[in-house]
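Participant: Just the structure for this:
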Amino acid sequence: MTVLATRVLWSLLSCAALYVQTATGYETMEEAAQLARKLIDHSPSIGAMATVYPADHPTLSGEPFVLQEYYARRVPCHTNGSLALILMPISRHGANILASPGRSVSITVADEHPAASRARVALIGNVTVFKELAGVPDKDALEACFLAKHPDVPRWLPGSQESHASYWATFDPHTIYYVGGFGGAHYIGYIPLAVYQAANSTSHESHAKMSGALVEQAYLL
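Facilitator: Next up, the predicted model:
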């Protein structure tokens, strides 16, 4: 086979591979929103939280700080894609959030076994802190929801006398950026907040389709 024929054959095979990836792997924005919600729901409920050191910090003013944090999302915690948090003022994230005028936070959730070909989503938003237990909406349901995801946290629950001070908090995203996998094979980009909030990761109609898409993300490329 000549060099020219080899190059032509390779080009045809590459085009065919690209067509297969696009035909079987590309998600619409609405499907990406469902996949993002599914990823958040079915992950171990641990995300990489990013906050910023306050202006009065002696050495790291304005610098970013990233560390894993627990969250809870599934019903009955929140149904619109917001996340339930336990905020501890003594923690670095807690101190940064409480010192932030807008209490701005970013939380990234990735596949349980991260890889470039697998989905991840970054949420950017604001935290509402409930310093008084009496002001926490549906406190008992929220506590049950959080414990269902994280059975190791009873001693850190707000109101517990066994540990440092802690507060219930809600993280409400305003910006969502989703990476489904490799570019060209999966959706990559921003998802409008309304689309993200309306997505139903537990829909019976979409369950099989979404599960298949998540598997494809792991093994397509």
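Participant: only C-alpha atoms for contact and neighbour calcs from this point on.
Facilitator: Noted.
Participant: ok, how many other residues are close to Asp152?
Facilitator: 9 (other CA atoms under 10 Å).
Participant: what about it, distance to Arg92?
Facilitator: Counting by CA to CA, to the nearest Å, the gap between Asp152 and Arg92 amounts to 20 Å.
Participant: Which pLDDT value goes with Leu87?
Facilitator: For Leu87, the pLDDT comes out at 96.
Participant: Show me the helices in the chain, by range?
Facilitator: 3-25, 29-42, 92-99, 139-149, 193-198, 204-219 (DSSP state H).
Participant: mean confidence score for the last one?
Facilitator: In this model, helix 204-219 has an average pLDDT of 41.
Participant: same deal with the second one?
Facilitator: pLDDT averaged over helix 29-42 equals 93, rounded to a whole number.
Participant: tell me what it is packed against?
Facilitator: strand 104-110, strand 120-130, strand 188-191, helix 193-198, helix 204-219 (3 or more CA pairs under 8 Å, 6 or more residues apart in numbering; DSSP states H and E).
Participant: OK, contacts around the closest residue to Cys145 other than its chain neighbours?
Facilitator: In this structure, Cys145 finds its nearest non-sequential neighbour in Cys77, 5.8 Å apart by CA to CA, 6 or more residues apart in numbering. Counting by CA atoms under 8 Å, 6 or more residues apart in numbering, Cys77 touches 83-84, 141-142, 145-146.
Participant: And Ile86, by the same measure?
Facilitator: Ile86 sits in contact with 70-71, 157-158, 166-169, where contact means CA under 8 Å, 6+ apart.
Participant: What residues are bridge-paired with it?
Facilitator: The partner list for Ile86 in beta bridges (DSSP bridges) reads Trp168.
Participant: about what we covered before: can I get the contacts of Ile86 in a markdown table including distance to Leu60?
Facilitator: As requested, the contacts of Ile86 are arranged in a markdown table below (distance: CA to CA, whole Å):
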| residue | distance to Leu60 |
| --- | --- |
| Tyr70 | 24 |
| Tyr71 | 26 |
| Leu157 | 30 |
| Pro158 | 29 |
| Ser166 | 24 |
| Tyr167 | 25 |
| Trp168 | 27 |
| Ala169 | 25 |
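Participant: Bridged to the residue nearest the centre of the chain, which residues?
Facilitator: The centroid of the chain falls nearest to Val109 when counting by CA atoms, centre = their mean (3.4 Å). Bridge pairing for Val109 (DSSP bridges) gives the partners Val121.
Participant: just checking, Ile191 touches Gly180?
Facilitator: No: look at Ile191 against Gly180 with CA atoms under 8 Å: they stay out of range, at 11.9 Å.
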